[in-house]
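*Asks:* Quick one, structure for this:
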Amino acid sequence: MPYPMQTALADRPQAAAPEKTHGAGVPLNGKVDIYPEMPRPEFDGVGGQAYAARMRDEAASDLIAIVCNGKLPPRLDYLAGMRSAEHPSVMRLVDSGVVAWPDGRYLYTFAYQHPPAPRFMRFLEETHAPMSEDAINHHFVAPLIGALAEFTRTGVFHGAIRPTNLFWRFGSTTPPQLGECLSVPSGIGQPVLFETVERGMAAPLARGPGSHADDCYAFGVMVALFILGQNPLKGLDDNAILQLKMERGSFNALIGNHRLSPTQIELLRGLLTDDGRQRWASADLEQWKSGRRLTPRGTDIGRRASRHFEFMGREYWQVRPLANAFAGHVPEAVRAVENGSLDKWLRRSLGDEERAASVGEAVASLKLSGKTANFDEQLVARTCIALDPSAPIRYRGLAVMPAGIPVLLAEAVMNGGNISLLADTISSQLVTFWVDRQKELKVDLVPLAQQFERLMSAIEKSSYGNGIERALYELNPALPCLSPMLRAYYATTPKALLPALEKVAASAERPQDPVDRHIAAFLAVRDRRSDIMLEYLSPSENPIRRGLAMLTIFSEMQYRYGPDHLPQLARWLLGFLEPSVRRYFGVGLRNNIQKHIQDAADKGNIKAMAHLIDNPERIERDREEFTAARLLYFSILKEIAHLEKQMKSRTNIAEDVGKPLAATLSCLLALLLAIASAARAVWMGF
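*Replies:* Now for the predicted structure:
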């Protein structure tokens, strides 16, 4: 069945290379110009379309730009390695970065040197005439062995080695060149045919970054198809291909009864062994190329039991196919584990005491943990890990390699996937259990388990700066901020955050708040912000504390990263500062601060706004003046009360003393009047 990328390539016409570019190019880092009106569909990548491009100062340069579509995060962790890779069979990465695309989006873009030949195959079902063994080894195998050696030197896992991602003319002496591999996470676009059994069992997004051994396996499959001239598993779906590989082994599944030379058999056996510990690496391939013969050691990957285990009406003779069947039928698998039939088969028919003990420990540890939520699913997940430790974690319909959880989580957030299932997978400590069961490279996997252990507590917290968003950015160091308001701007660093928010603030559809859970978690991880400060950003927080936290964070970021002028964002913050302005007691001071803050906001100076509104000296002086004013006010009130008390005392005295005195005086006055009247009468009588 054709894969989407292959179908897309088949449906598009094979455009010829343009003789010269025209129109204005979209600049990439000021060095490369990309021409949106000149698509190059024959070079499209899985993660985006290809366009003609050239170096700005070199008119004769011929580049291809892969513009990511933004649906999945590109693999930026391998940028340095790909830039330093120098080999004719490796597509040379010239530059990369974020471009402002004409449709208004900001998209990550890779600029490559133009491949020297067309795409080798457009469909895996294509057939080619056989070449001589010497021609195959000299013109096809040897150059690609050099490419694998270069990947080993630069620390790159390509993850997209397949005939449909190879540029070469059949029979040409020009070295074949591997296509791009950075536009999407590894596993996307890679057919199960080219993946190891372990990676093939996982969902494409959940396969993880992979290893050099996985690249060597894909190379072996590609060489096998090239030697045979066709795809021997043509017409089989992914499940059938996996089942065939598990039961027969990859080499036998692909080669079957085809007759090959001893040299070719040796090469393919070395590359297609299903035990990654025994698989040939680039150093072994270099020795093979120089004529030294190596013999792969045997493994027990396909070990058969003396008697079959019957499950869901089928007979299983090997552990790996049985574990895969368990993962798809949880209730029946639980019965097989709890009734002891699995343990009996492992010990008696397979003779594997170690694996039986591991299954027993898995069951016992889960029961001792006291977990009841999704108990059956966890029991089967742990049993499958114990049976087939190198396979992915299979839990509640999810099949994921532990290192694939970060990309799966990013995709779920970007495209609306099942985030709760991933959070449950992390919280169930299945990653730790998986790491504990690995026999090889366990030391390298311990940091992964420790990281997931740390994230468990963060996921359980609902505060800003924590939750599943914190896990998202901890697990994906190169991921841009996925806040809904910033999706179009591809802000991968704190320095890019403020300019993006300035554009959001200028838009008519800006949200109510300039900070959400994603921005808080992004700053917690990328800017190492204090958890306490980020918790203050919650909408349920005290308005004064929340406004000051926003202002503090953004002002410090403007001071460290710039730009110096952010008027739209500064005005956006003004509405959150009203409670902080009102906390000043002096009316004149408050009005003065309000005026100066408005002026600073108009200039886009968030640093000045923070200095104005959160100046400790000014706050202390205002508090002291307010305290002094209060003391003076209370002193005046006390004096008024005293005076009022005194006034009340005078009135009482006047009433108590004045009444008798007035009566006495009245009596005396009356007596005097009486005497005067009597004397007058006497005098008149005389």
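
*Asks:* how long is stretch 609-621 end to end?
*Replies:* Using CA to CA, to the nearest Å, the gap from the first to the last residue of stretch 609-621 comes to 18 Å.

*Asks:* Now do the buried residues in that stretch.
*Replies:* Burial within stretch 609-621, assessed by neighbour count using 16 or more other CB atoms under 10 Å, is assigned to Met609, Ala610, Leu612, Ile613, Asp614, Arg618. C-betas here are computed from N, CA, C, even on glycine.

*Asks:* A helix includes Leu445, no?
*Replies:* Yes. Membership of Leu445 in a helix is supported by DSSP: H, G, I helix; E, B strand; the rest coil.

*Asks:* Which single one of the buried residues of stretch 609-621 is nearest to Phe452?
*Replies:* The shortest gap between Phe452 and any of the buried residues of stretch 609-621 belongs to Ala610, at 37.6 Å (CB to CB).

*Asks:* for the nearest residue to the closest one once chain neighbours are set aside, what are its contacts?
*Replies:* Computed as CB to CB, 6 or more residues apart in numbering, the closest residue to Ala610 that is not its neighbour in sequence is Ser555, at 3.8 Å. For Ser555, the contacting residues are Ile606, Lys607, Met609, Ala610, by CB atoms under 8 Å, 6 or more residues apart in numbering.

*Asks:* Which parts of the protein are strands?
*Replies:* In chain order, the chain shows strands spanning 26-28, 32-39, 48-55, 63-68, 93-100, 106-113, 166-167, 177-178, 309-311, 314-316, 393-395, 398-400, with DSSP state E as the criterion.

*Asks:* Leu573 is nearest to which of those?
*Replies:* Of all those, it is strand 106-113 that lies closest to Leu573, at 23.3 Å by CB to CB.

*Asks:* In terms of secondary structure, what does that closest one contact?
*Replies:* Contacts defined by 3 or more CB pairs under 8 Å, 6 or more residues apart in numbering; DSSP states H and E place strand 106-113 against strand 32-39, strand 48-55, strand 63-68, strand 93-100.

*Asks:* run the last query once more with 7 Å
*Replies:* Counting contacts by 3 or more CB pairs under 7 Å, 6 or more residues apart in numbering; DSSP states H and E, strand 106-113 packs against strand 63-68, strand 93-100.

*Asks:* winner for burial among these?
*Replies:* Among the helices and strands packed on strand 106-113, ranked by average contacts under mean count of other CB atoms under 10 Å, first place goes to strand 63-68 (a mean of 26).

*Asks:* coming back round to it: closest to Asp238 among the contacts of Ser555?
*Replies:* When the contacts of Ser555 are compared for distance to Asp238 (CB to CB), Ile606 wins out at 53.1 Å.

*Asks:* Now do the closest one, the pLDDT please.
*Replies:* According to the predicted model, the pLDDT of Ile606 comes to 95.

*Asks:* Now do the same contact list for it.
*Replies:* Contacts of Ile606 were listed using CB atoms under 7 Å, 6 or more residues apart in numbering, and they are Leu551, Phe554, Ser555, Gln558, Leu566, Ala570, Leu573.

*Asks:* From Ala213, how far off is the third one?
*Replies:* Distance, Ser555 to Ala213, by CB to CB, to the nearest Å: 50 Å.

*Asks:* now do the first one
*Replies:* Separation of Leu551 from Ala213 (CB to CB) stands at 52 Å.

*Asks:* Those two: which is more packed in?
*Replies:* Leu551 (24 against 18; other CB atoms under 10 Å).

*Asks:* For the closest residue to the more buried one other than its chain neighbours, list the residues it contacts.
*Replies:* Setting aside the residues directly before and after it, Leu551 is nearest to Ala610 in space (CB to CB, 6+ apart), at 5.0 Å. For Ala610, the contacting residues are Leu551, Thr552, Ser555, taking CB under 7 Å, 6+ apart as the criterion.

*Asks:* quick one: which of these is nearest Leu643?
*Replies:* The nearest member of those to Leu643, counting by CB to CB, is Leu551 at 47.8 Å.

*Asks:* That closest one contacts His611, doesn't it?
*Replies:* No. Between Leu551 and His611 there is no contact under CB atoms under 7 Å: 10.0 Å.

*Asks:* Out of the strands of the chain, which gets nearest to Ala240?
*Replies:* When the strands of the chain are compared for distance to Ala240 using CB to CB, the nearest one is strand 314-316, at 14.3 Å.

*Asks:* all helices for the stretch 351-500 of the chain, in order.
*Replies:* In the stretch 351-500 of the chain, the segments counted as helices under DSSP state H, counting those that start in this stretch are 353-369, 375-387, 405-415, 419-427, 430-436, 442-460, 468-475, 494-506.

*Asks:* TSV please, covering those and showing mean neighbour count.
*Replies:* As requested, the helices of the stretch 351-500 of the chain are exported to TSV (neighbours: other CB atoms under 10 Å):
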stretch	mean neighbour count
helix 353-369	15
helix 375-387	23
helix 405-415	21
helix 419-427	18
helix 430-436	22
helix 442-460	15
helix 468-475	22
helix 494-506	19
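
*Asks:* so which of the ones you listed comes closest to Arg248?
*Replies:* For these, the distance to Arg248 is smallest for helix 375-387, at 19.2 Å, taking CB to CB.

*Asks:* low-scoring pLDDT stretches of this protein, where are they?
*Replies:* Confidence mapping of the chain against pLDDT under 70 gives the ranges 1-23, 294-302, 441-442, 648-658, 661, 674-686.

*Asks:* what's the neighbour count on the residue nearest to Arg54 when sequence neighbours are not counted?
*Replies:* Among residues not flanking Arg54 along the chain, Ser61 sits closest, at 4.6 Å (CB to CB, 6+ apart). Here the count is done by other CB under 10 Å, and Ser61 has 16 residues near it.

*Asks:* is it true that Ser61 touches Ala53?
*Replies:* No. The pair formed by Ser61 and Ala53 falls short of the contact definition of CB under 7 Å, at 8.4 Å.

*Asks:* how near is Ala305 to Asp77?
*Replies:* Distance of Ala305 to Asp77, given as CB to CB: 42 Å.

*Asks:* Actually, Gly270.
*Replies:* Counting by CB to CB, the separation of Gly270 from Asp77 is 29 Å.

*Asks:* Please apply the same query to Gly208.
*Replies:* Relative to Asp77, Gly208 is positioned 12 Å away (CB to CB).

*Asks:* cool, and Arg355?
*Replies:* Taken as CB to CB, the span from Arg355 to Asp77 is 35 Å.

*Asks:* that older thread, between Gly208 and Asp77, which is the more surrounded one?
*Replies:* Neighbours per residue (other CB under 10 Å) separate Gly208 from Asp77, with Gly208 holding more: 26 against 15.

*Asks:* Excluding sequence neighbours, find me the nearest residue to the more buried one.
*Replies:* Using CB to CB, 6+ apart and skipping residues adjacent in sequence, the residue nearest Gly208 is Ala403, 3.4 Å away.
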